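# Requesting a structural model of the entry that follows:
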Amino acid sequence: QLQLVESGGGLVQPGGSLRLSCTASGFTLDYYIIGWFRQAPGKQREGVSCSSSTDGKTYYANSVKGRFTISRDNDKNTMYLQMNSLKPEDTAVYYCAAAAYTTAQNMCRMHEVDRWGQGTQVTVSS
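Modelled structure (predicted):
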C-alpha cells in the first residue's frame, strides 16, 4: 500500500519550535518532489514548502521564509519540516505530500500532488 504517514504535531507556545516527520511506505521518496501544505479552519489549503532533489530547487511561502526548513532523509524514506519561531497564525492541520512530473514551485502553488499524508494538527498558543 502506497502511503505517507505523518507525526510530530502538537501544541507549542508562540516562539517555540516543532519538527514534523513524514515517512513513505510502498514507494521510494527519493524519486519524488516533496512538500508540506497546511489548512487552517475556514481557509483554503496552502503550500508551505516544496523541494525537488532533481534540480535542487526549494519553494517557501512568504509567510514562513526564514522560519521553516524542509528536508529529506533518503535512507529513512522520510521528509521533515522544521518549524521555528512559531506564531499563532501558523496554527493549522499540516499535510505532507509527494509529486512526480512537476516542479517544486508548481507543486506548492498549483497543488500538483500525487499523494497526500493524513494530516497532523499544529496549534500555536499560550
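# for the spatially most central residue of the chain, helix, strand, or coil?
Computing the C-alpha centroid of the chain and ranking residues by CA atoms, centre = their mean puts Trp36 first, at 1.9 Å. Classification of Trp36 using DSSP: H, G, I helix; E, B strand; the rest coil returns strand.
# i'd like the first residue to be 42 from this point on
Done: numbering now begins at 42, and the last item shifts to Trp77.
# Enumerate every residue touching it.
Trp77 makes contact with 61, 63, 88-91, 109, 111, 120, 122, 135-138, according to CB atoms under 8 Å, 6 or more residues apart in numbering. Yep, even glycine has a C-beta here, placed from its N, CA and C like the rest.
# Just the helices from this protein, written as ranges.
Ranges of helices in the chain, per DSSP state H, are 145-151.
# Show me where it has its strands.
Under the criterion DSSP state E, the chain contains strands at 44-48, 51-53, 59-66, 74-80, 87-92, 99-101, 109-114, 119-124, 133-140, 156-157, 161-165.
# ranking the ones you listed by burial, who's on top?
With neighbours taken as mean count of other CB atoms under 10 Å, the strands of the chain reach their highest mean count in strand 74-80, at a mean of 25.
# I figured Leu61 was touching Ser112, is that so?
No - taking contacts as CB atoms under 8 Å, Leu61 lies outside contact range of Ser112: 10.8 Å.
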